[in-house]
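Asks: here is a sequence with its predicted model. Questions after.
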Amino acid sequence: MVEFLTGMKRTAMCGELRADSIGKEVVIMGWVNRRRDLGSLIFVQLRDRSGIVQAVFDSETTDKQLFEKASSIKMEYVIAVRGKVRRRVGDNVNPNMETGEIEVVADELRILSESDTLPFVVGDITAGELLRLKYRYLDLRRADLQHNLMIRSKAAYSIREYLTQEGFLEIETPFLGKSTPEGARDYLVPSRVHPNKYYALPQSPQLYKQLLMVAGFDRYMQIAKCFRDECLRADRQPEFTQIDLEMSFVDVDDVIEANEGFIQKAFKEILGVDIKLPLPRMTYAEAMERFGSDKPDLRFGYELRNISDTVKNFGFKVFADTVANG
């Protein structure tokens, strides 16, 4: 039977508890990641987005009703636990957990939501991809996926902060507008009030941001959602997000420096990586001459070599004509 949260307020995130919390009473909430029943002791790993911490129910110090309730919980139940933080001792210390030095001795438990039998174990990446996508909300409980989304959020915040300090205004541009075909097909949305008329979702905010420059806003930025109706590829998908900028009264170097600045800041704040500026630059002509691509991967040493002088006198027409045509 599920219970209400009334009167109980979370005081700590599971993964943030450390040795300096020993002796404190805390209220933690989250999902049951694992449960071990040793008869007189029940250990519950409680998980939220910050990490995992162990809660302990001891039959010798816990009232019978509370212990029976703890016996009924299963994996992925959502629970709230009130208790005191204590130091783990001996073999109970878990060096593989960030909270492995401590545990919470429970004196109150509320079951906020029960869980049915799961279609797959949370965190099991061997489960079929289609099954994990069908139950995406379960797959998103994986620590690595939550980490990725939190990194994305931190990156967006860092970039917004930098560009705001550089005088950029964050301005939302419309989703529904006139079709202005670019490099792909538009996604169309039928109009309810104008039969047989359609809106197009933006492939980019290009026209809108140019209008903003004409209107005198000087510097615009947006972490913009864009839509392009094209086949899925390794580096393309129909719906994507881009960091979109526009600037007035600037030259090429000004634009590149603005981009380099937020890249440097984001890498430092999120990954702890110092990027030295200016970043290496390469002209389009050099990229095509050396790599045959406008997005070369410099991690590999595979470069094109001009062999015109070697093959021009081979007498092979294909080579000869190609050299003759430059």
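Replies: Yep, it's here.

Asks: and the strands in this protein?
Replies: Along the chain, counting by DSSP state E, strands occupy 25-37, 41-48, 51-58, 78-87, 102-113, 169-170, 188-190, 198-200, 219-227, 239-247.

Asks: paired strands for the fourth one, with orientation please.
Replies: Same thing as strand 78-87. Using DSSP bridges, strand 78-87 pairs in its sheet with strand 25-37 (antiparallel), strand 102-113 (antiparallel).

Asks: so which bits of the longest one are buried?
Replies: Residues of strand 25-37 classed as buried under the neighbour-count rule (16 or more other C-beta atoms under 10 Å) are 26-33, 35. Yep, even glycine has a C-beta here, placed from its N, CA and C like the rest.

Asks: of all the strands paired with strand 78-87, which one comes closest to Pro95?
Replies: Of all the strands paired with strand 78-87, the one in closest proximity to Pro95, counting by C-beta to C-beta, is strand 102-113 (12.8 Å).

Asks: for that closest one, list the C-alpha coordinates in CSV.
Replies: Output in CSV follows, covering the C-alpha atoms of strand 102-113 (Å, rounded to 0.1, in the frame of the first residue of the first chain):
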residue,chain,number,x,y,z
ILE,A,102,28.6,5.4,5.7
GLU,A,103,25.1,4.1,5.8
VAL,A,104,21.7,5.3,7.1
VAL,A,105,20.2,3.5,10.0
ALA,A,106,16.4,3.8,9.3
ASP,A,107,13.8,4.6,11.8
GLU,A,108,11.0,5.6,9.4
LEU,A,109,10.0,4.2,6.0
ARG,A,110,7.4,5.3,3.6
ILE,A,111,6.6,3.4,0.4
LEU,A,112,5.7,6.2,-2.1
SER,A,113,5.2,4.0,-5.2
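
Asks: buried ones in it?
Replies: Under 16+ other C-beta under 10 Å, the buried positions of strand 102-113 are 102-107, 109-112.

Asks: just send the residues you listed back as CSV, with pLDDT too.
Replies: Shown next, in CSV, are the buried residues of strand 102-113 (pLDDT from 0 to 100):
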residue, pLDDT
Ile102, 97
Glu103, 97
Val104, 98
Val105, 97
Ala106, 96
Asp107, 95
Leu109, 97
Arg110, 97
Ile111, 97
Leu112, 97
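
Asks: pretty sure Ser21 contacts Ala12?
Replies: Yes: counting by C-beta atoms under 8 Å, Ser21 does reach Ala12; the two are 7.1 Å apart.

Asks: need the residues that contact stretch 230-238.
Replies: 184-185, 187, 227-229 (C-beta atoms under 8 Å, 6 or more residues apart in numbering).

Asks: related to what we said a few turns ago, relative to Leu133, which of the strands paired with strand 78-87 is closest?
Replies: For the strands paired with strand 78-87, distance to Leu133 was read as C-beta to C-beta. The smallest value, 20.1 Å, belongs to strand 25-37.

Asks: now that closest one against strand 41-48, angle please.
Replies: Angle, strand 25-37 to strand 41-48, by axes from the mean of the first three to the mean of the last three C-alpha atoms, to 10 degrees: 120 degrees.

Asks: find the nearest non-adjacent residue to Ala224, please.
Replies: Spatial nearest neighbour of Ala224, excluding adjacent residues (C-beta to C-beta, 6 or more residues apart in numbering): Asp244 at 4.4 Å.

Asks: would you format the buried residues of strand 102-113 as a markdown table with distance to Lys312 included?
Replies: Below are those laid out as a markdown table (distance: C-beta to C-beta, whole Å):
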| residue | distance to Lys312 |
| --- | --- |
| Ile102 | 76 |
| Glu103 | 78 |
| Val104 | 79 |
| Val105 | 84 |
| Ala106 | 83 |
| Asp107 | 88 |
| Leu109 | 83 |
| Arg110 | 83 |
| Ile111 | 81 |
| Leu112 | 78 |
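
Asks: any idea which of those residues is the one closest to Phe300?
Replies: Ile102 (46.8 Å).

Asks: from Val56, how far off is the closest one?
Replies: From Ile102 across to Val56, the span is 11 Å (C-beta to C-beta, to the nearest Å).
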